[in-house]
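[1] fold the following for me, if possible:
(one chain, ligands or ions: 1)
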Amino acid sequence: MFLKNFTMTLMGLMSFSNLIAATPNTVVWKLDDVRAGERVRLPQGFKRVADWAEKNKTFVNFGVICDSLTNPNAEDVAWIKKNAVENGGRAEFWLHGWDHKKSGDKASEFLGSDLATQTKHLRDACDIFNKTTGLTFHAFGAPYNQFDDNTFIALDACPELKIFMFGSKKDTKRKVIARSINMEVATGKVSFDAFIKAYNDKKPSGILLLQGHCGQWDDNSFNDFVKVANFLSKEGWVTKTVSKAVE
Ligand SMILES: [Zn+2]
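    The predicted model follows:
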(Lines give C-alpha, C1' and ligand atoms only; values in the text may rest on other atoms or scores of the structure.)
Protein backbone atom coordinates (compact mmCIF):
# COMPACT_ATOMS: atom_id res chain seq x y z
CA MET A 1 0.00 0.00 0.00
CA PHE A 2 2.77 2.37 0.96
CA LEU A 3 4.70 1.47 -2.18
CA LYS A 4 1.61 1.94 -4.35
CA ASN A 5 0.95 5.38 -2.87
CA PHE A 6 4.58 6.31 -3.23
CA THR A 7 4.59 5.23 -6.90
CA MET A 8 1.42 7.20 -7.61
CA THR A 9 2.87 10.28 -5.95
CA LEU A 10 6.03 9.91 -7.98
CA MET A 11 4.03 9.58 -11.19
CA GLY A 12 2.03 12.65 -10.22
CA LEU A 13 5.21 14.63 -9.69
CA MET A 14 6.64 13.46 -12.98
CA SER A 15 3.60 14.45 -14.97
CA PHE A 16 3.50 17.81 -13.17
CA SER A 17 7.12 18.54 -14.06
CA ASN A 18 6.43 17.50 -17.67
CA LEU A 19 3.59 20.01 -17.74
CA ILE A 20 5.90 22.79 -16.55
CA ALA A 21 8.50 21.83 -19.12
CA ALA A 22 5.87 22.04 -21.87
CA THR A 23 4.55 25.46 -20.84
CA PRO A 24 7.24 27.45 -19.03
CA ASN A 25 6.24 30.54 -17.14
CA THR A 26 6.96 33.59 -19.26
CA VAL A 27 7.83 37.11 -18.20
CA VAL A 28 7.14 40.04 -20.53
CA TRP A 29 8.57 43.49 -19.74
CA LYS A 30 6.05 46.22 -20.61
CA LEU A 31 8.09 49.42 -20.55
CA ASP A 32 6.08 52.55 -21.29
CA ASP A 33 6.55 56.04 -22.70
CA VAL A 34 9.12 56.06 -25.51
CA ARG A 35 9.20 59.44 -27.23
CA ALA A 36 11.52 59.99 -30.16
CA GLY A 37 10.86 63.55 -31.31
CA GLU A 38 12.79 66.77 -31.59
CA ARG A 39 10.56 68.33 -28.91
CA VAL A 40 10.77 65.47 -26.39
CA ARG A 41 13.78 63.22 -26.94
CA LEU A 42 14.17 59.58 -25.98
CA PRO A 43 14.82 59.34 -22.22
CA GLN A 44 18.25 57.89 -21.40
CA GLY A 45 16.71 55.12 -19.25
CA PHE A 46 15.52 53.27 -22.34
CA LYS A 47 19.06 53.05 -23.68
CA ARG A 48 20.24 51.64 -20.36
CA VAL A 49 17.58 48.91 -20.40
CA ALA A 50 18.17 48.13 -24.10
CA ASP A 51 21.90 47.77 -23.40
CA TRP A 52 21.11 45.49 -20.45
CA ALA A 53 18.85 43.36 -22.68
CA GLU A 54 21.56 43.13 -25.34
CA LYS A 55 24.23 42.17 -22.81
CA ASN A 56 22.00 39.54 -21.19
CA LYS A 57 20.61 38.25 -24.49
CA THR A 58 17.05 38.79 -23.29
CA PHE A 59 13.99 40.69 -24.54
CA VAL A 60 12.06 43.83 -23.60
CA ASN A 61 9.01 45.66 -24.98
CA PHE A 62 8.93 49.43 -25.36
CA GLY A 63 5.66 51.40 -25.73
CA VAL A 64 5.78 54.34 -28.14
CA ILE A 65 3.81 57.59 -27.79
CA CYS A 66 3.45 58.29 -31.49
CA ASP A 67 2.73 62.01 -31.83
CA SER A 68 6.42 62.46 -30.99
CA LEU A 69 7.12 61.07 -34.47
CA THR A 70 5.40 63.97 -36.26
CA ASN A 71 8.74 65.76 -35.84
CA PRO A 72 11.10 62.83 -35.33
CA ASN A 73 14.65 63.00 -34.06
CA ALA A 74 16.88 61.08 -36.48
CA GLU A 75 19.18 59.68 -33.76
CA ASP A 76 16.25 58.40 -31.68
CA VAL A 77 14.56 56.85 -34.72
CA ALA A 78 17.86 55.13 -35.59
CA TRP A 79 17.94 53.77 -32.02
CA ILE A 80 14.42 52.32 -32.43
CA LYS A 81 15.37 50.63 -35.71
CA LYS A 82 18.61 49.21 -34.33
CA ASN A 83 16.96 47.76 -31.23
CA ALA A 84 13.88 46.29 -32.93
CA VAL A 85 13.70 42.48 -32.90
CA GLU A 86 12.80 42.63 -36.58
CA ASN A 87 16.29 44.02 -37.20
CA GLY A 88 18.11 41.65 -34.86
CA GLY A 89 17.72 43.74 -31.71
CA ARG A 90 16.20 42.89 -28.35
CA ALA A 91 13.05 45.03 -28.21
CA GLU A 92 9.52 44.75 -29.51
CA PHE A 93 7.98 48.19 -29.92
CA TRP A 94 4.26 48.48 -29.20
CA LEU A 95 1.61 51.17 -29.51
CA HIS A 96 1.14 53.27 -26.40
CA GLY A 97 -1.17 55.88 -27.86
CA TRP A 98 -1.00 58.97 -30.01
CA ASP A 99 -0.72 61.81 -27.47
CA HIS A 100 -1.11 60.09 -24.04
CA LYS A 101 -3.19 63.06 -22.88
CA LYS A 102 -5.50 63.16 -19.90
CA SER A 103 -8.64 65.31 -19.98
CA GLY A 104 -9.52 66.15 -16.41
CA ASP A 105 -9.64 63.48 -13.73
CA LYS A 106 -11.97 61.03 -15.42
CA ALA A 107 -11.00 60.99 -19.07
CA SER A 108 -7.93 60.23 -21.15
CA GLU A 109 -7.00 59.39 -24.73
CA PHE A 110 -9.01 56.14 -24.82
CA LEU A 111 -11.42 56.77 -21.98
CA GLY A 112 -14.41 58.96 -22.73
CA SER A 113 -13.39 60.21 -26.17
CA ASP A 114 -15.63 59.44 -29.15
CA LEU A 115 -15.13 56.50 -31.49
CA ALA A 116 -13.92 58.61 -34.44
CA THR A 117 -11.20 60.22 -32.29
CA GLN A 118 -10.04 56.91 -30.84
CA THR A 119 -9.99 55.31 -34.29
CA LYS A 120 -7.98 58.18 -35.76
CA HIS A 121 -5.46 58.13 -32.91
CA LEU A 122 -4.83 54.40 -33.33
CA ARG A 123 -4.65 54.43 -37.13
CA ASP A 124 -2.45 57.55 -37.26
CA ALA A 125 -0.11 56.01 -34.65
CA CYS A 126 0.27 52.74 -36.57
CA ASP A 127 0.86 54.61 -39.84
CA ILE A 128 3.39 57.15 -38.60
CA PHE A 129 5.38 54.45 -36.79
CA ASN A 130 5.49 52.36 -39.96
CA LYS A 131 6.38 55.33 -42.14
CA THR A 132 9.13 56.56 -39.78
CA THR A 133 10.76 53.26 -38.80
CA GLY A 134 9.63 50.69 -41.39
CA LEU A 135 8.31 48.60 -38.47
CA THR A 136 4.79 47.39 -37.60
CA PHE A 137 3.14 47.36 -34.17
CA HIS A 138 1.50 44.12 -33.05
CA ALA A 139 0.48 45.06 -29.52
CA PHE A 140 -1.39 47.89 -27.81
CA GLY A 141 -1.41 49.14 -24.23
CA ALA A 142 -3.51 52.20 -23.37
CA PRO A 143 -2.08 55.27 -21.64
CA TYR A 144 -2.83 54.97 -17.89
CA ASN A 145 -4.32 51.56 -18.84
CA GLN A 146 -7.58 53.44 -19.30
CA PHE A 147 -10.03 52.59 -22.09
CA ASP A 148 -13.75 52.11 -22.73
CA ASP A 149 -16.09 50.15 -25.00
CA ASN A 150 -15.27 52.44 -27.96
CA THR A 151 -11.65 51.29 -27.77
CA PHE A 152 -12.53 47.69 -28.70
CA ILE A 153 -14.29 48.94 -31.86
CA ALA A 154 -11.58 51.51 -32.66
CA LEU A 155 -8.92 48.80 -32.49
CA ASP A 156 -10.60 47.05 -35.43
CA ALA A 157 -9.18 49.84 -37.63
CA CYS A 158 -5.74 48.36 -36.92
CA PRO A 159 -5.96 44.61 -37.63
CA GLU A 160 -2.18 44.36 -37.16
CA LEU A 161 -2.73 44.92 -33.42
CA LYS A 162 -3.31 41.38 -32.19
CA ILE A 163 -2.56 41.87 -28.49
CA PHE A 164 -4.11 44.15 -25.85
CA MET A 165 -1.85 44.47 -22.80
CA PHE A 166 -3.75 44.97 -19.53
CA GLY A 167 -6.91 44.90 -21.66
CA SER A 168 -10.35 43.57 -20.82
CA LYS A 169 -11.97 40.20 -21.46
CA LYS A 170 -14.75 42.19 -23.13
CA ASP A 171 -12.36 42.54 -26.07
CA THR A 172 -12.87 39.19 -27.81
CA LYS A 173 -10.87 39.99 -30.97
CA ARG A 174 -7.39 40.44 -29.52
CA LYS A 175 -5.29 38.37 -27.17
CA VAL A 176 -5.64 40.04 -23.80
CA ILE A 177 -2.88 39.77 -21.21
CA ALA A 178 -4.20 40.59 -17.76
CA ARG A 179 -2.42 42.37 -14.93
CA SER A 180 -1.34 40.30 -11.95
CA ILE A 181 1.44 41.75 -9.81
CA ASN A 182 3.59 44.87 -10.06
CA MET A 183 7.25 45.74 -9.72
CA GLU A 184 6.68 49.51 -9.58
CA VAL A 185 5.19 50.80 -6.34
CA ALA A 186 4.62 54.19 -7.98
CA THR A 187 5.08 55.33 -11.57
CA GLY A 188 8.81 55.20 -12.24
CA LYS A 189 9.77 53.58 -8.89
CA VAL A 190 10.69 49.87 -8.79
CA SER A 191 10.82 47.99 -5.49
CA PHE A 192 12.35 44.52 -5.41
CA ASP A 193 11.05 43.96 -1.87
CA ALA A 194 7.46 44.88 -2.77
CA PHE A 195 7.70 42.67 -5.86
CA ILE A 196 8.90 39.66 -3.84
CA LYS A 197 6.10 40.12 -1.33
CA ALA A 198 3.50 40.23 -4.13
CA TYR A 199 5.15 37.26 -5.85
CA ASN A 200 5.02 35.13 -2.73
CA ASP A 201 1.44 36.20 -1.93
CA LYS A 202 0.00 35.62 -5.40
CA LYS A 203 2.32 32.97 -6.87
CA PRO A 204 1.82 34.07 -10.49
CA SER A 205 2.07 31.60 -13.38
CA GLY A 206 1.62 31.63 -17.14
CA ILE A 207 2.41 35.02 -18.66
CA LEU A 208 3.59 37.65 -16.19
CA LEU A 209 3.36 41.09 -17.76
CA LEU A 210 5.36 43.55 -15.66
CA GLN A 211 5.01 47.29 -16.24
CA GLY A 212 7.77 49.84 -15.79
CA HIS A 213 8.64 53.41 -16.74
CA CYS A 214 12.36 53.03 -17.28
CA GLY A 215 12.70 56.57 -18.65
CA GLN A 216 12.03 57.74 -15.08
CA TRP A 217 14.11 55.18 -13.17
CA ASP A 218 16.96 56.30 -10.96
CA ASP A 219 19.88 53.96 -10.19
CA ASN A 220 17.96 52.30 -7.34
CA SER A 221 14.97 51.51 -9.56
CA PHE A 222 17.17 50.19 -12.36
CA ASN A 223 19.10 48.00 -9.91
CA ASP A 224 15.87 46.67 -8.38
CA PHE A 225 14.58 45.91 -11.89
CA VAL A 226 17.73 43.86 -12.57
CA LYS A 227 17.19 42.06 -9.24
CA VAL A 228 13.60 41.21 -10.25
CA ALA A 229 14.82 39.91 -13.62
CA ASN A 230 17.57 37.81 -12.02
CA PHE A 231 15.14 36.43 -9.44
CA LEU A 232 12.62 35.37 -12.10
CA SER A 233 15.36 33.81 -14.19
CA LYS A 234 16.50 31.72 -11.20
CA GLU A 235 12.87 30.69 -10.63
CA GLY A 236 12.79 29.28 -14.16
CA TRP A 237 10.85 32.04 -15.90
CA VAL A 238 11.73 32.63 -19.54
CA THR A 239 11.66 36.13 -21.02
CA LYS A 240 10.00 36.81 -24.36
CA THR A 241 8.74 39.62 -26.52
CA VAL A 242 5.03 40.10 -26.11
CA SER A 243 4.29 38.67 -29.59
CA LYS A 244 6.31 35.52 -28.90
CA ALA A 245 4.73 35.12 -25.46
CA VAL A 246 1.22 34.67 -26.87
CA GLU A 247 2.20 32.34 -29.74
ZN1 LIG B 1 2.30 55.78 -20.36
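
[2] tell me the secondary structure for the closest residue to the ion within the chain?
    With CB to the ion as the measure, Asp32 is the residue of the chain nearest to the ion, at 3.9 Å. (C-beta placed from N, C-alpha, C; glycine too.) What DSSP: H, G, I helix; E, B strand; the rest coil gives for Asp32 is strand.

[3] interface residues of the protein facing the ion?
    32-33, 143 (CB under 5 Å from the ion).

[4] quick one: which of those residues is most hemmed in?
    In terms of neighbours by other CB atoms under 10 Å, the residues of the chain next to the ion top out with Asp32 at 26 neighbours.

[5] right, and it touches His213 too?
    Yes - under the criterion of CB atoms under 8 Å, Asp32 makes contact with His213 at 5.5 Å.

[6] strands of this structure, residue ranges please.
    For the chain, strands defined by DSSP state E occupy the ranges 26-34, 60-64, 91-95, 102-103, 107-108, 139-140, 163-165, 175-177, 184-186, 189-190, 207-212, 238-239.

[7] comparing these by mean pLDDT, which bottoms out?
    The weakest mean pLDDT among the strands of the chain belongs to strand 102-103, with a mean of 90.

[8] helices and strands of this protein: which one bottoms out on pLDDT?
    When the helices and strands of the chain are scored by mean pLDDT, DSSP states H and E, helix 2-22 comes last with a mean of 46.

[9] ok, and the closest non-adjacent residue to Arg174?
    Phe164 (4.4 Å; CB to CB, 6 or more residues apart in numbering).

[10] who's the one you found bridged to?
    Phe140, Val176 (DSSP bridges).

[11] got a list of what the residue most central in space within the chain touches?
    Residue closest to the average C-alpha location in the chain (CA atoms, centre = their mean): Lys30, at 2.3 Å. Going by CB atoms under 8 Å, 6 or more residues apart in numbering, Lys30 touches 61, 63, 94, 141, 165-166, 209-212, 242.
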